[in-house]
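Q: this one's structure only:
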């Protein structure tokens with residue numbers, strides 16, 4: 001089985017090791033799954049971090065969902081992983097998501113559980129269910145790692161009208177509008193190191209919020 005993985009990145013001497021560790025942990029996490037890793041690289045030179053393909057992102061300013069859309073168009077497999085470059089994937093994490101989909105075939109979008117910084121345990125404690133449905137950002141829906149069926153993009157599109165922050169809100173809104181279910185998979189473990197590539201300033205945060213509000217007000 002082959003699964004497409006799209007990772008936007010700005011890879012420099014500081015982040016190169018982190019991106020390599022991300023891809024290594026991904027490949028080592030599942031021996032029976034082949035991951036087709038596509039890096040959407042926004043640095044002005046392409047750096048080898050072990051991806052199957054690197055696409056240079058040359059648009060200015062950087063738009064996170066535009067980079068994802070480029071990757072979606074350049075891939076073809078049934079399952080797509082939209083991932084940050086600051087993740088560590090654990091053993092059988094994707095198997096758990098595939099099993100969740102087999103059990104709940106009407107759910108086509110998933111987020112794995114994040115134990116880093118006690119993130120999901122601090123929100124949900126020790127859940128007694130294998131999935132938790134919902135669309136709340138950084139709770140059931142973690143924008144740092146989204147796993148979905150490709151065919152949802154026959155119904156929804158990723159808006160490019162926000163640059164970085166609120167990209168996951170845009171995705172959640174599109175799912176809700178289309179009636180596509182999303183769930184957190186409580187036995188699929190992927191750690192998110194958090195804001196290791198881009199730290200958003202207060203001004204950028206305000207601008208991002210305004211961009212998002214303007215979409216909803218149209």
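A: Looks like it came in fine. Keep in mind it's a predicted model, so treat the numbers as computed, not measured.
Q: Let me see the ranges of the strands in this protein.
A: 2-9, 34-41, 53-56, 79-83, 87-89, 107-113, 131-133, 145-149, 181-192 (DSSP state E).
Q: Which one of these lies nearest to residue 24?
A: Residue 24 lies closest, by CB to CB, to one member of the strands of the chain: strand 87-89, at 9.2 Å. No exception for glycine: its C-beta is placed from N, CA and C like everyone else's.
Q: What is the end-to-end distance of stretch 126-143?
A: In stretch 126-143, first residue to last residue: 22 Å (CA to CA, to the nearest Å).
Q: Starting from residue 3, give me the distance back to residue 126.
A: Per CB to CB, to the nearest Å, residue 126 is found 29 Å from residue 3.
Q: Switch the strands of the chain over to CSV; also include mean neighbour count.
A: Formatted as CSV, these follow (neighbours: other CB atoms under 10 Å):
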stretch, mean neighbour count
strand 2-9, 23
strand 34-41, 22
strand 53-56, 16
strand 79-83, 24
strand 87-89, 24
strand 107-113, 24
strand 131-133, 18
strand 145-149, 22
strand 181-192, 22
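Q: Quick one: closest of those to residue 28.
A: Per CB to CB, nearest to residue 28 of these: strand 87-89, 7.9 Å.
Q: what's the average pLDDT for the closest one?
A: What strand 87-89 shows for mean pLDDT is 98.
Q: Please list the residues outside that strand that contact it.
A: 21-22, 25-26, 28-29, 116, 144-145, 190-193 (CB atoms under 8 Å, 6 or more residues apart in numbering).
Q: again, only this time at 10 Å
A: 5, 7, 18-19, 21-30, 35, 81, 83, 93, 112, 114-116, 144-145, 188-193, 196 (CB atoms under 10 Å, 6 or more residues apart in numbering).
Q: Nice, that's everything, thank you.
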